[in-house]
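1. Just the structure for this:
(4 chains)
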There are 2 protein chains.
Amino acid sequence: MNTKYAEYEQPSITVDLVIFTVNNEMLKVLLTKRAEAPFEGGWSLPGGFLFKGESLEAAALRVLKEKAGVPNVYLEQLYTFGKPNRDPRTRVITVAYFALIPWENLNQPESTKITDLKWPDVSQAPRLAFDHKEILNTAVQRLRAKMNYSNIVYGLLPEQFTLSDLQKMYEIILGSTFDKRNFRKRMLASGLLQETGKKHALGAHRPAMLYQFKKMEITFLN
Amino acid sequence: MNTKYAEYEQPSITVDLVIFTVNNEMLKVLLTKRAEAPFEGGWSLPGGFLFKGESLEAAALRVLKEKAGVPNVYLEQLYTFGKPNRDPRTRVITVAYFALIPWENLNQPESTKITDLKWPDVSQAPRLAFDHKEILNTAVQRLRAKMNYSNIVYGLLPEQFTLSDLQKMYEIILGSTFDKRNFRKRMLASGLLQETGKKHALGAHRPAMLYQFKKMEITFLN
DNA sequence: CCAAAAGTGTTATTGATACACCCATGC
DNA sequence: GCATGGGTGTATCAATAACACTTTTGG
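-> Next comes the predicted model:
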């Protein structure tokens, strides 16, 4: 078995990123306006072709830096999409990743040619090029699932946050509300949080205790 | 952005399959002996190059039929492995799938050139070619995780089975034992099983009721 | 009657849910 | 002093875990 036969596919490979953030009480996803055909002028997930000798993860981090200006984020391989005609030009297989970035950490992207970026609410994303809507849906599903059995929310919060911030994240992403007392009990019982001793005062009300996640990898709860 | 630049990778694509079955109280995985370089004579996961115009899933099903002689099984995309030097010949990206087959359903593979197949216990698999050990480990992890929150065990059992068969599957795969009464209570309470009314008599003991899964997709419990 | 696997209920513990008021601060 | 969000406890219910004996069959 080798590649000398013409019958074997040698497709181009892209990585496409579903980059989430939360701002203004909504889950947002980064989209780029396409400068070239196909789907010129349409919106798509940020992505790029895999370079020679580049690992998939390195390509994902490269795109992340180009488009979101952030190298250090939660990044996870999502799924590989490879239907033969998903790109009208030629065979292109894409390895999709999803990333989480706290809104506060977003920077201007370094790339100059990408001027058209936007962060729509996930629920109001426009039509997307290729099969990117399917990729987006897959990512949203995965994010929601992981909220329930991991501390992945870590990737969306700043270093320090209040329990109200944390609860709001869950409510925004899962689209449901929680009882404040039960929520706090559960979070504190998980053992993943630690008090910082600092208090956060903003606005005309009682200042809230700031917490941070203990330094550890993503953990699966239950 | 297109493929006219030499800097973009156009790798060969393979699909590799982690095909599990349970027999003789052990979780087994299908391996093939490599007939060609690299790693000639060594063991690897069954796999094959992606054909022109073929979808990834179609390629996975093709390999499944060639190597395990079975087209109808539980099949799920696992992960895509693409480190630049994972294949010593050239850049090869592999999309790994994992499959579950009830031991009873296994047939002789159609392929004639593949004479060297074996089904070692997962815990006693030999050294594997490429990064296949990593792929295998990833698959085992995923299988174990899914046992806990889905009815994926469906893929390893024959149409009809006893509650003891079911419990044994869980115990073999998860490597732990369960209390019989609690296990049966949980399974029956899940609502996914139905009695067939038939009884299974084999050996000198009381015959057991046969159950089957209700016709439905893979379901996530809890 | 013996060996082997099937089948069955109750209690204790743990985790999840429902629910309402006082506190600290800025203006 | 009032508006705003922060912070707290208890009672009920549901799910899980621990635990041992009787039943049916073949030989």
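2. And the strands in chain A?
-> With DSSP state E as the criterion, chain A has strands at A:12-23, A:26-29, A:31-33, A:43-44, A:47-49, A:74-81, A:92-100, A:117-118, A:193-200, A:208-213.
3. how about low-confidence regions in chain A?
-> A:1-6, A:108-115, A:217-222 (pLDDT under 70).
4. my read: residue A:32 touches residue A:46, true?
-> Yes - the pair residue A:32 / residue A:46 is scored as a contact, 4.8 Å apart, by CB atoms under 8 Å. All C-beta atoms are positioned from the backbone trio N, CA, C, and that covers glycine.
5. thinking again about what came up before, let me have the strands of chain A in JSON lines, adding mean neighbour count and distance to chain B as columns.
-> Shown next, in JSON lines, are the strands of chain A (neighbours: other CB atoms under 10 Å in any protein chain shown; distance: least, CB to the nearest CB, whole Å):
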{"stretch": "strand A:12-23", "mean neighbour count": "24", "distance to chain B": "5"}
{"stretch": "strand A:26-29", "mean neighbour count": "20", "distance to chain B": "20"}
{"stretch": "strand A:31-33", "mean neighbour count": "21", "distance to chain B": "11"}
{"stretch": "strand A:43-44", "mean neighbour count": "19", "distance to chain B": "11"}
{"stretch": "strand A:47-49", "mean neighbour count": "22", "distance to chain B": "5"}
{"stretch": "strand A:74-81", "mean neighbour count": "20", "distance to chain B": "4"}
{"stretch": "strand A:92-100", "mean neighbour count": "24", "distance to chain B": "5"}
{"stretch": "strand A:117-118", "mean neighbour count": "14", "distance to chain B": "16"}
{"stretch": "strand A:193-200", "mean neighbour count": "12", "distance to chain B": "23"}
{"stretch": "strand A:208-213", "mean neighbour count": "17", "distance to chain B": "22"}
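6. And for whatever residue of chain A ends up closest to DNA strand D, the neighbour number?
-> Taking CB to the nearest atom of the strand, DNA strand D has its nearest neighbour within chain A at residue A:205, 2.5 Å off. Look at residue A:205: counted by other CB atoms under 10 Å in any protein chain shown, it has 7 neighbours.
7. Against which helices or strands is the longest helix along chain A packed?
-> The residue-count maximum for a helix in chain A (DSSP state H) belongs to helix A:132-149. Other helices and strands packing on helix A:132-149, by 3 or more CB pairs under 8 Å, 6 or more residues apart in numbering or on different chains; DSSP states H and E, are strand A:12-23, strand A:26-29, strand A:74-81, strand A:92-100, helix A:163-174.
8. Go through the ones you listed and name the closest to residue B:122.
-> strand A:74-81 (22.9 Å; CB to CB).
9. What strands line up against that closest one, and which way round?
-> strand A:92-100 (antiparallel) (DSSP bridges).
10. Would you mind getting the angle between the strand it pairs with and helix A:132-149?
-> 40 degrees (axes from the mean of the first three to the mean of the last three CA atoms, to 10 degrees).
11. and strand A:92-100 with strand B:12-23, angle?
-> Using the same axes, to 10 degrees: strand A:92-100 against strand B:12-23 is 70 degrees.
12. Tell me how far strand A:92-100 lies from the chain's centre.
-> Centroid separation between strand A:92-100 and its chain, computed with CA atoms, centre = their mean, to the nearest Å, is 10 Å.
13. Can I get it in CSV? Just the C-alpha atoms.
-> Output of strand A:92-100 as CSV, limited to C-alpha atoms (Å, rounded to 0.1, in the frame of the first residue of the first chain):
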residue,chain,number,x,y,z
VAL,A,92,-10.2,19.7,0.8
ILE,A,93,-10.3,18.0,4.1
THR,A,94,-10.6,20.2,7.1
VAL,A,95,-9.6,19.4,10.7
ALA,A,96,-11.8,21.6,12.8
TYR,A,97,-10.7,22.8,16.2
PHE,A,98,-12.6,24.7,18.8
ALA,A,99,-11.1,27.4,21.0
LEU,A,100,-12.3,29.4,24.0
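14. Tell me if I'm right that residue A:45 and residue A:135 touch.
-> Yes - counting by CB under 8 Å, residue A:135 is a contact partner of residue A:45 at 6.2 Å.
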